[in-house]
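>>> below are the sequence and a predicted model for it; my questions follow.
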Amino acid sequence: MQREPLTTRQRTVYDFIRNWCDAHGYPPTLREIASSIGVRSTNSVYNHLKILERKGYLTREDMKSRTWRPVDSPASSVSDVPVVGSIAAGSPILALEDIQETITIDRNLVDGQDMFALRVRGDSMVGAGILDGDYIFVRPGSDIRPGSIAVALLGDEATVKYYYPEKGYIRLQPAHPTMAPLYVKRGDKRSFSLIGQVIGVFRKLG
């Protein structure tokens, strides 16, 4: 089936996406496309992508920001994990629930799981290999295995600790020899809730 011809600008956008996918193995973001063609508005880029999709040149993947790829190129092997804020590994601090950036990782590591990332502040989990400045990958939900590392909400603040449900209370245990655990009365849903289980750690070097 013959596809509709492209304008010069559409051809420029399409060629950039194809070359990017060939070089990196995954699609570029809207901002990367905008920068390549010298525009500031990602809305303008999005309009071009919609036309390229309608004309049969591009298809979309179920990803956060690296979505568009040529129809005849292999599916991307990566996935974007949204970083939604910071979390304390020490005293609880406010977790900001807005997407600040994304981390691109191999899709096989995600294994189809829904997850988000948080940046760690503090050193109470150093014994578990989680350092200040690391990113933790979190599978959302309250079904957390005892002894696992959990993200818990205490009032309006969040913290990351080992999770131990015990008789009458919940113990949130740091992985630091000089820090004491936090104790929460079981059933106190007004001041305590579980956000998710930590399933991975990402560290930027350099």
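The structure has been received and is ready for your questions. Numbering: from 1, shown residues only.
>>> tell me the SS of Val45?
Put simply, Val45 is helix when judged by DSSP: H, G, I helix; E, B strand; the rest coil.
>>> show me what contacts it?
Val13, Leu30, Ile33, Ala34, Ile37, Val39 (Cβ atoms under 8 Å, 6 or more residues apart in numbering). Placement of C-beta: from N, CA and C, glycine included.
>>> could you pull out the strands for this protein?
Listed in chain order, the strands of the chain (DSSP state E) span 58-60, 68-70, 78-88, 93-94, 101-106, 116-121, 135-140, 149-154, 157-166, 169-173, 182-185, 192-202.
>>> and Phe16, how far from Arg145?
45 Å (Cβ to Cβ, to the nearest Å).
>>> the more surrounded of the two?
Phe16 (16 against 9; other Cβ atoms under 10 Å).
>>> excluding chain neighbours, what is closest to the more buried one?
Ser36 (4.8 Å; Cβ to Cβ, 6 or more residues apart in numbering).
>>> please apply the same query to Phe202.
Counting by Cβ to Cβ, 6+ apart, the residue nearest Phe202 is Tyr135, at 4.2 Å.
>>> how is this protein divided into domains?
As given by automatic domain parsing, the domain ranges for the chain are 8-74, 80-202.
>>> how far does the last one sit from its chain's centre?
Mean-position distance between domain 80-202 and its chain equals 14 Å (Cα atoms, centre = their mean, to the nearest Å).
>>> right, and the strands of the chain - which one's nearest Tyr26?
Counting by Cβ to Cβ, Tyr26 lies closest to strand 78-88 out of the strands of the chain; the figure is 4.3 Å.
>>> show me what the closest one is packed against.
Helices and strands touching strand 78-88, by 3 or more Cβ pairs under 8 Å, 6 or more residues apart in numbering; DSSP states H and E, are strand 101-106, helix 107-110, strand 116-121, strand 135-140, strand 157-166.
>>> among the ones you listed, show the one with the smallest mean pLDDT.
Note on the helices and strands packed on strand 78-88: lowest mean pLDDT is at helix 107-110, with a mean of 66.
>>> ok so, going back, how about the strands of the chain in JSON lines, adding distance to Tyr46 and mean neighbour count?
Shown next, in JSON lines, are the strands of the chain (distance: least, Cβ to Cβ, whole Å; neighbours: other Cβ atoms under 10 Å):
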{"stretch": "strand 58-60", "distance to Tyr46": "11", "mean neighbour count": "17"}
{"stretch": "strand 68-70", "distance to Tyr46": "9", "mean neighbour count": "22"}
{"stretch": "strand 78-88", "distance to Tyr46": "17", "mean neighbour count": "20"}
{"stretch": "strand 93-94", "distance to Tyr46": "32", "mean neighbour count": "14"}
{"stretch": "strand 101-106", "distance to Tyr46": "17", "mean neighbour count": "15"}
{"stretch": "strand 116-121", "distance to Tyr46": "24", "mean neighbour count": "22"}
{"stretch": "strand 135-140", "distance to Tyr46": "28", "mean neighbour count": "20"}
{"stretch": "strand 149-154", "distance to Tyr46": "33", "mean neighbour count": "21"}
{"stretch": "strand 157-166", "distance to Tyr46": "33", "mean neighbour count": "20"}
{"stretch": "strand 169-173", "distance to Tyr46": "43", "mean neighbour count": "18"}
{"stretch": "strand 182-185", "distance to Tyr46": "45", "mean neighbour count": "14"}
{"stretch": "strand 192-202", "distance to Tyr46": "28", "mean neighbour count": "18"}
